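# Next input, structure requested:
(4 chains)
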Protein chains: 2
Amino acid sequence: MATDDLMTRVLGTLGDDGPPPVEAIHRLTDLAGVPESMTIAEVADVLDVSPHTLRYYERAGLVEVARDGNGHRVYDADAVRRLVFVTRMRLSGMPMRDLRHYVALVDAGEHTVPERLGLLVEHRDTIRRRIRELTLSLTATEYKIATYGGATGPDVQGPNGAAGPDVHAPNGAAGPDVQALNGAAGP
Amino acid sequence: MATDDLMTRVLGTLGDDGPPPVEAIHRLTDLAGVPESMTIAEVADVLDVSPHTLRYYERAGLVEVARDGNGHRVYDADAVRRLVFVTRMRLSGMPMRDLRHYVALVDAGEHTVPERLGLLVEHRDTIRRRIRELTLSLTATEYKIATYGGATGPDVQGPNGAAGPDVHAPNGAAGPDVQALNGAAGP
DNA sequence: GTTTGCCTTCGAGCGCGCTCGAAGCCCTAG
DNA sequence: CTAGGGCTTCGAGCGCGCTCGAAGGCAAAC
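Alright, predicted model coming up:
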């Protein structure tokens, strides 16, 4: 188990088009059953990142990890939770820089809560904007797919290879084809 | 005008939460009113990328652009349309590699339409998956924001600076706080 | 004429986020 | 005893997508 990441696991439990259920969040990171302490390999497996990446995150100051007698890393529950948070935020596109800032605030104490909230709100807005962008791109792509080879109109140009001027249109046939993504007026 | 990109412009016309209207796609790239040919500066302005980036795309083989008597680039309508397509695909996360592949197919002639369709479908699925990931991250982030400073429970730890063990929790107060993103059970 | 300004080519450099390799330590299995 | 495997640190390297600087051309403005 745990060869796929948390995100994939939860997404798998969701209908591909269902609404975003808050319950999924709980299911998302059910750390119950996670041992008291874990090795780097175990954590890497659970989070679906490489041990290299975990060391990198530690070097970057995102988490502190204790060592055992042999100098090996020992991840306690707090460290694992922190790393779950970190990997989730990375997955949602938060830059390392911001993440460093955030965890620095966390380590600085409770009086930084307002600033942390500000960062979260900012990040939320970033995600929202990104989703809207992607939704639009998705619609455009779906439209392009749908009209590809739809009404196969007049063939404007034969196979032209490398000869002609800059050819942008995949074909002269599927009229609204590239139009949908490339501009020009209606279908 | 045109200091903001196409995406931003269309997003601006959309309600922040509205459904993805197909009509937006048409509005999205209304190239009517675009001159017969454009300079690199004009294209850069319209697409909200730098001239540097446009030259880079050309070097990368994504578009061919003619030169005038002075050796300056002259973008015709086809080139501009191609670049609109390219920038949109880039914005939706398609890697340069795939884009190169796609336009190579376009230039190779109409018999590559099926393969192009395959690429588009693949890209569509990638966008969909990404949207689902982001939606989940959004829900998690919103949950975290909502519960921040909710029930301000017992203060677990004072300001600890750099001293203590690895602290992951922003505070002991907002119980479900980090839990929402970090794991553990219910609120 | 000279200055301003935008264009050209070319190759180098950068920021990000990993990713890897080398050299070495420790433990366990055979 | 030896071999194997996984861990450690450190610093270097990489893939991506730009981004920039240098050196120079040409044209219009002053």
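
# When you work out contacts or count neighbours from here on, use the C-alpha atoms and nothing else.
Will do.

# where along chain A do the strands fall?
Secondary structure of chain A (DSSP state E): strands at A:37-38, A:66-67, A:73-76.

# can you list contacts of the last one?
Read it as strand A:73-76. Counting by CA atoms under 8 Å, 6 or more residues apart in numbering or on different chains, strand A:73-76 makes contact with A:Glu36, A:Ser37, A:Met38, A:Thr39, A:Ile40, A:Val43, A:Val65, A:Ala66, A:Arg67, A:Asp68, all of which sit outside it.

# ok, which pair from these is furthest apart?
A:Val43 and A:Asp68 (15.6 Å; CA to CA).

# between those two, which one's more packed in?
A:Val43 (22 against 9; other CA atoms under 10 Å in any protein chain shown).

# these two touch, right, that one and A:Val80?
Yes. If you go by CA atoms under 8 Å, A:Val43 and A:Val80 touch, sitting 7.1 Å apart.

# any weak-confidence spans in chain A?
Within chain A, the segments meeting pLDDT under 70 span A:1-34, A:149-187.

# go with 50
For chain A, the stretches with pLDDT under 50 are A:1-3, A:27, A:150-187.

# so does the top helix by length along it get close to chain B?
When chain A is parsed with DSSP state H, its longest helix is helix A:113-147. Yes. Helix A:113-147 reaches chain B (CA under 8 Å from any CA of the partner chain) through A:113, A:117, A:120-121, A:124, A:127-128, A:131-143, A:145.

# List the buried residues of that helix.
By neighbour count on 16 or more other CA atoms under 10 Å in any protein chain shown, the buried set for helix A:113-147 is A:113, A:116-117, A:119-121, A:123-124, A:126-128, A:130-145, A:147.

# For that helix, which helices and strands make contact with it?
In terms of contacts (3 or more CA pairs under 8 Å, 6 or more residues apart in numbering or on different chains; DSSP states H and E), helix A:113-147 is packed against helix A:96-108, helix A:176-182, helix B:6-13, helix B:22-28, helix B:113-147.

# Contact partners for A:His121?
His isn't right for residue A:121; it's Val. Per CA under 8 Å, 6+ apart, neighbours of A:Val121: B:Ile145.

# What residues does chain A have near DNA strand D?
Applying CA under 7 Å from any atom of the strand, we find that chain A lies next to DNA strand D at A:Thr39, A:Ile40, A:Ala41, A:Glu42, A:Pro51, A:Arg55, A:Arg67, A:Gly71, A:His72, A:Arg73.

# Okay, and which of those residues map to helices?
Secondary structure from DSSP H places A:Ile40, A:Ala41, A:Glu42, A:Pro51, A:Arg55 of the residues of chain A next to DNA strand D in helices.

# Among these, give me the pair with the biggest separation.
Using CA to CA, those span at most 13.3 Å, a distance reached by A:Glu42 and A:Arg55.

# residue contacts, A:Ala41?
A:Pro51.

# and the strands of chain A as JSON lines, adding mean neighbour count?
Shown next, in JSON lines, are the strands of chain A (neighbours: other CA atoms under 10 Å in any protein chain shown):
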{"stretch": "strand A:37-38", "mean neighbour count": "16"}
{"stretch": "strand A:66-67", "mean neighbour count": "12"}
{"stretch": "strand A:73-76", "mean neighbour count": "19"}
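
# quick one: which of these is nearest B:Met89?
Nearest of the strands of chain A (CA to CA): strand A:73-76, 40.8 Å.

# Can you give me the neighbour number for A:Val103?
20.

# For it, give its distance to A:Val65.
14 Å (CA to CA, to the nearest Å).

# before we move on, the earlier item: out of the residues of chain A next to DNA strand D, the closest to B:Gly61 would be?
Distances from B:Gly61 to the residues of chain A next to DNA strand D, taken by CA to CA, are shortest for A:Pro51, at 37.6 Å.

# Chain A against DNA strand C: which residues are in contact?
Checking chain A against DNA strand C by CA under 7 Å from any atom of the strand, the hits are A:Val49, A:Ser50, A:His52, A:Thr53, A:Tyr56, A:Asn70, A:Arg90, A:Met94, A:Pro95, A:Met96, A:Arg97.

# Which ones, among these, also lie beside chain B?
Applying CA under 8 Å from any CA to the residues of chain A next to DNA strand C, none is adjacent to chain B.

# Make JSON lines out of the residues you listed and add neighbour count and distance to B:Ala108.
Below are the residues of chain A next to DNA strand C laid out as JSON lines (neighbours: other CA atoms under 10 Å in any protein chain shown; distance: CA to CA, whole Å):
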{"residue": "A:Val49", "neighbour count": "16", "distance to B:Ala108": "39"}
{"residue": "A:Ser50", "neighbour count": "14", "distance to B:Ala108": "40"}
{"residue": "A:His52", "neighbour count": "12", "distance to B:Ala108": "42"}
{"residue": "A:Thr53", "neighbour count": "11", "distance to B:Ala108": "41"}
{"residue": "A:Tyr56", "neighbour count": "13", "distance to B:Ala108": "44"}
{"residue": "A:Asn70", "neighbour count": "6", "distance to B:Ala108": "60"}
{"residue": "A:Arg90", "neighbour count": "14", "distance to B:Ala108": "39"}
{"residue": "A:Met94", "neighbour count": "18", "distance to B:Ala108": "39"}
{"residue": "A:Pro95", "neighbour count": "11", "distance to B:Ala108": "39"}
{"residue": "A:Met96", "neighbour count": "15", "distance to B:Ala108": "41"}
{"residue": "A:Arg97", "neighbour count": "9", "distance to B:Ala108": "43"}
